[in-house]
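Enquirer: Predicted model and sequence below, questions to follow.
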Protein chains: 2
Amino acid sequence: MLAYEQLLAEGFVTGRTGSGTYVSPGLGSGRRTTSADSAKLRLSRFGSATAAAGEKLDFSRPRQAPLLYDFAYRRAPVQEFPFETWRRILVRRARKASLRELDYGPPAGSLALREAITAHLQRSRAVVCDAGQVIIVNGSQQALDLIARVLIERGDRVVIEDPQYQGAHQIFQAAGARLYPVPVDRDGLDPAKLPRTGRLAFVTPSHQFPTGAVLPLARRLELLQWAKRVNAVVIEDDYDGEFRYEGHPVESMQGLDTEGRVIYVGTFSRTIFPALRIGYMIAPKRLVAALTAAKWFSDRHTPTLEQETLAEFISMGAYERHLRRARKANALRRRALLKAIERYLGNRAEITGDGAGAHIVLWPRTSDFEEAIIARAASDGVGVYPVSPYFLKRNKRIGLMLGYSRMNESEIREGVRRLGEAIG
Amino acid sequence: MLAYEQLLAEGFVTGRTGSGTYVSPGLGSGRRTTSADSAKLRLSRFGSATAAAGEKLDFSRPRQAPLLYDFAYRRAPVQEFPFETWRRILVRRARKASLRELDYGPPAGSLALREAITAHLQRSRAVVCDAGQVIIVNGSQQALDLIARVLIERGDRVVIEDPQYQGAHQIFQAAGARLYPVPVDRDGLDPAKLPRTGRLAFVTPSHQFPTGAVLPLARRLELLQWAKRVNAVVIEDDYDGEFRYEGHPVESMQGLDTEGRVIYVGTFSRTIFPALRIGYMIAPKRLVAALTAAKWFSDRHTPTLEQETLAEFISMGAYERHLRRARKANALRRRALLKAIERYLGNRAEITGDGAGAHIVLWPRTSDFEEAIIARAASDGVGVYPVSPYFLKRNKRIGLMLGYSRMNESEIREGVRRLGEAIG
């Protein structure tokens, strides 16, 4: 229903006229006309689901004017990214690419990249693995798709957080799963509300998407206990785990897992840039063969040049330097945001999700309509986004997503000031 | 059964020690040990199929020594490829990448690339389409995977050629299809042997893989008639369609289709290089939404930098210049090959597949064993590959695949001379 807004908000629709179903003038003047396609073709159940989603990929709607103070979320902090270093590696790699690097590569990905990711995650995320468990994919979405296909049979129950990122539950649903949404509170998914059976649970414990809750250690252990009891697999999507501002980082569920039940999923879309299309999963050893072959069946492997470039970028320390810089910059942005909210909104709003990540959720105390607030803000040059589309069960509160990784501190202050007026 | 040999022959296993399931020394010395993974997890039917395939992705086997005269097939003619031009575009694109090009791109692919492909295919392959029907994917394998998921329901009948490329039928089978292999003769798939029903037919009419047959116009029309009668979709994989040596090119099935039943699939793996991971499909208008959303569900979109680079490479005419050069070089290689076979093998062997593409099949008239011939050739530095693994039903004849796109003419001559001795 709100697919287009979501596509737009999440950035994978650029809004460029016609980039979706555009018919280029002067092209396609062949013998066939649109109306000549007479075949009535039956789709699979998966195909019916994608067709319904695809009909909403309507690029013909005009894009809103660019906003001066756009609190867009799910954005990489590209201001801090060392593009010069990146390009230098890319160019050198492109120049010296051997015949081996031009031919088909291994389905699980470049060994150099898998080792670099392993070393990085062991240092920074308490992930316990060796390079043989790392499978390189085209972003976390492909990880979820491959996992869904390898584990889910039609009718299987899949536990998801509510609210939740649509990209995840859409793919589980299209794979035939029955979704079991578990409500999220200030501490994330509530283990007391887990069902008696389940094949799979998908969670974002580092910075729950969209609420931003950090799942405490006790809940992580309870969730693992549940998985053991019902014989389920847990997907730990380490969404925004790189950005943590207060307290000690909680151990990754993958690191706590003693049985081989957790698949850890990560992406470089939020720390480098999304158009790179590189993510990874860390699979229990018993699932490595099935997931690697699933990747091979799907598209052979992820492009080699970017993998080799990324491997070198990580190994030489540039990735961790970038993360430190970005973390520092995001921390300053976050402080400016929280201060401005206190100043301009005071006790007229509540905040969740400020402990980590690069967005918060603002919950205004108002009886106004969400759409009205968003429209007033937009007319004053401020972009804020509703949290409501992420809820599977009805949400009674107004919530606004405020991403801050692409703005500077004075833009943040002015944006919040104007938002305060829009909330009224 | 022959998965490893196939992987090796097809080049997506590099044979590099440990690139598959290697456990890096010094890494993974966490708390968990291999034996500690106690969870017994149930896989889906798809997962069971990929697990079985994945177990054969065993990279621990030693790679054979490099061969002096390696008639490897499915290889791009990289000697002719203008890497300097390619890299110049790549570097410029990487340098000037806008924020838009770093964020998520449109799921169907870059509009510039879709328009460039449309214009190219209209000029060279008689394909009738507009840019709105082009969906960019990560090579033709992903096209087949997405089509299978969108169209095939468990138990659906899928017509394939026999012999046939495994990458295609494996994915149909994993999607739950019942395969219906139709024998291929000198003119490709025999329409008289088509079944009474079918959901999908997968064909390689330009240069049947592996036999190299070119499907005549009459058979193309018969196949389309059949598709209409049983309400099936035809996938036309334009394998090696760029390289045609004798006679007029036959019109693409996509161009002959008046009803919107043909999905045309192409790749740049055989004309640029496989590690690029870019292919495309031209879908009937009615399937565009379902297939585009399937791509979006799977992995959002193909990496942007390579798409933009390729778009410029095609638009500026460099791609067609490269194809002309490669066609000319392959034609000389092919002539050297046919002459050498005539000289050194005479009437001791028959040839198929020499009308197009970059490989032939040599059918020696001998009562010797295939394995014995291949082993003798290898011990003399010559790489030839059995056609038998591509047959679904038992094949009675010995056939050897000889690719020639990576060799020069004198290597080809000497390779065939030695092969003649190995055949004896």
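Expert: On my side now, so go ahead.

Enquirer: Might you report the residue contacts of the residue nearest to residue A:406 when sequence neighbours are not counted?
Expert: Leaving aside its chain neighbours, residue A:406 sits nearest to residue A:75 (4.9 Å; criterion: Cβ to Cβ, 6 or more residues apart in numbering or on different chains). C-beta: built from backbone N, CA, C; applies to glycine. By Cβ atoms under 8 Å, 6 or more residues apart in numbering or on different chains, residue A:75 lies in contact with A:11, A:270, A:358, A:403, A:405, A:406, B:103.

Enquirer: Please enumerate the helices of chain A.
Expert: A:3-10, A:45-55, A:83-96, A:99-102, A:111-125, A:140-151, A:166-174, A:217-230, A:253-256, A:285-299, A:304-315, A:318-345, A:370-379, A:409-423 (DSSP state H).

Enquirer: centre of the chain versus the longest one, how much separation?
Expert: Taking Cα atoms, centre = their mean, to the nearest Å, the mean C-alpha location of helix A:318-345 is offset from the chain mean by 19 Å.

Enquirer: Check which helices and strands that helix sits against.
Expert: Packing partners of helix A:318-345 (3 or more Cβ pairs under 8 Å, 6 or more residues apart in numbering or on different chains; DSSP states H and E): helix A:111-125, helix A:304-315, strand A:349-352, strand A:359-364, helix A:409-423.

Enquirer: send the alpha carbons of the second one over as CSV?
Expert: What follows is helix A:304-315 as a C-alpha-only set of coordinates in CSV (Å, rounded to 0.1, in the frame of the first residue of the first chain):
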residue,chain,number,x,y,z
THR,A,304,35.3,-9.5,-8.5
LEU,A,305,36.8,-6.0,-8.9
GLU,A,306,34.8,-4.6,-6.1
GLN,A,307,35.5,-7.6,-3.9
GLU,A,308,39.2,-7.2,-4.4
THR,A,309,39.1,-3.4,-3.9
LEU,A,310,37.1,-3.9,-0.6
ALA,A,311,39.5,-6.6,0.6
GLU,A,312,42.5,-4.3,0.2
PHE,A,313,40.6,-1.3,1.7
ILE,A,314,39.8,-3.4,4.8
SER,A,315,43.2,-5.1,5.1
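
Enquirer: Can you name every helix or strand that it contacts?
Expert: By 3+ Cβ pairs under 8 Å, 6+ apart, helix A:304-315 packs against helix A:83-96, helix A:99-102, helix A:111-125, helix A:318-345.

Enquirer: Pick the most deeply packed of these.
Expert: helix A:111-125 (a mean of 20; mean count of other Cβ atoms under 10 Å in any protein chain shown).

Enquirer: Please name every helix or strand in contact with it.
Expert: Partner elements for helix A:111-125 (3+ Cβ pairs under 8 Å, 6+ apart): strand A:134-137, strand A:262-267, strand A:279-282, helix A:304-315, helix A:318-345.

Enquirer: Mean pLDDT for these - can I get that in TSV?
Expert: Listed next are the helices and strands packed on helix A:111-125 as TSV, based on pLDDT from 0 to 100:
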stretch	mean pLDDT
strand A:134-137	98
strand A:262-267	97
strand A:279-282	98
helix A:304-315	97
helix A:318-345	97
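
Enquirer: Show me which strand runs longest in chain A.
Expert: Of all the elements of type strand in chain A, the one with the most residues (DSSP state E) is strand A:178-185.

Enquirer: Could I get the contacting residues of residue A:394?
Expert: Applying Cβ under 8 Å, 6+ apart, no residues contact residue A:394.

Enquirer: how many neighbours does the residue lying closest to residue A:345 once chain neighbours are set aside have?
Expert: Closest residue to residue A:345 apart from its sequence neighbours, by Cβ to Cβ, 6+ apart: residue A:420 at 5.2 Å. Residues near residue A:420, counting by other Cβ atoms under 10 Å in any protein chain shown, number 20.

Enquirer: what sits against residue A:420?
Expert: A:344, A:345, A:348.

Enquirer: before we move on, back to that, could I get the helices of chain A as JSON lines with distance to residue B:212?
Expert: Formatted as JSON lines, these follow (distance: least, Cβ to Cβ, whole Å):
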{"stretch": "helix A:3-10", "distance to residue B:212": "44"}
{"stretch": "helix A:45-55", "distance to residue B:212": "33"}
{"stretch": "helix A:83-96", "distance to residue B:212": "33"}
{"stretch": "helix A:99-102", "distance to residue B:212": "24"}
{"stretch": "helix A:111-125", "distance to residue B:212": "35"}
{"stretch": "helix A:140-151", "distance to residue B:212": "34"}
{"stretch": "helix A:166-174", "distance to residue B:212": "38"}
{"stretch": "helix A:217-230", "distance to residue B:212": "52"}
{"stretch": "helix A:253-256", "distance to residue B:212": "49"}
{"stretch": "helix A:285-299", "distance to residue B:212": "25"}
{"stretch": "helix A:304-315", "distance to residue B:212": "29"}
{"stretch": "helix A:318-345", "distance to residue B:212": "47"}
{"stretch": "helix A:370-379", "distance to residue B:212": "60"}
{"stretch": "helix A:409-423", "distance to residue B:212": "62"}
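
Enquirer: out of those, nearest to residue B:139?
Expert: Ranking the helices of chain A by their distance to residue B:139 (criterion: Cβ to Cβ) puts helix A:285-299 first, at 6.0 Å.

Enquirer: by contact count, what packs against the closest one?
Expert: Looks like helix A:285-299 contacts strand A:134-137, helix A:140-151, helix B:45-55, helix B:140-151, helix B:166-174 (3+ Cβ pairs under 8 Å, 6+ apart).
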